[in-house]
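> give me a model of this one.
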Amino acid sequence: MKEGKATTGTRDITYDLVSILYHALQGAETYDRYCHDAIDSSDYDVAKFFREVQEEERRRADRAKEILAKVLASRARTSPG
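Alright, predicted model coming up:
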């Protein structure tokens, strides 16, 4: 991760968690569209698969939110001010 920090100046654990959260939510939204495409094509097994991976992304996003909240709370407690 040192390479990313040198490039943007913002890479840290908070950035990483926000990135995971963003991409998980983006994936869940994308898989919803894929599911509708499969249903429109009467490919119900494929639609079921897309729903499954969508749910995995939602769970990943929820977990990232939980961890991010803990990290931010911990930093707030330890920050001078």
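
> ok, longest helix in the chain?
Counting residues, the longest helix found in the chain (DSSP state H) is helix 44-78.

> output the contacting helices and strands for that helix.
Here helix 44-78 touches helix 13-40, going by 3 or more C-beta pairs under 8 Å, 6 or more residues apart in numbering; DSSP states H and E. Placement of C-beta: from N, CA and C, glycine included.

> same for the helix it packs on, what does it pack against?
So helix 13-40, by 3+ C-beta pairs under 8 Å, 6+ apart, packs with helix 44-78.

> now do the longest helix of the chain: distance to the chain's middle.
Taking the mean of its C-alpha atoms, helix 44-78 sits 6 Å from the chain's own mean (C-alpha atoms, centre = their mean, to the nearest Å).

> that helix to helix 13-40, inter-axis angle?
Inter-element angle recorded for helix 44-78 and helix 13-40: 160 degrees (by axes from the mean of the first three to the mean of the last three C-alpha atoms, to 10 degrees).

> helix 44-78: which residues count as buried?
Using 16 or more other C-beta atoms under 10 Å as the test for burial, helix 44-78 gives Ala47, Phe50, Arg51, Gln54, Glu57, Arg60, Ala61, Ala64, Lys65, Leu68.

> if I look at the second one, how far off is Ser74?
Looking back up the chat, that one is Phe50. Counting by C-beta to C-beta, to the nearest Å, the separation of Phe50 from Ser74 is 36 Å.

> okay, Val71: pLDDT?
Looking at Val71, its pLDDT is 93.

> ok, now the one 4 residues further on?
The score at Arg75 is 83. That number is its pLDDT.

> what distance do you get for it to Val18?
On the measure of C-beta to C-beta, Arg75 and Val18 end up 13 Å apart.

> flag the shaky bits of the chain, pLDDT-wise.
1-11, 81 (pLDDT under 70).

> mind redoing it with 90?
Residues of the chain meeting the criterion pLDDT under 90: 1-11, 74-81.

> relative to Asp62, how far out is Glu55?
10 Å.

> now do Thr14
17 Å.
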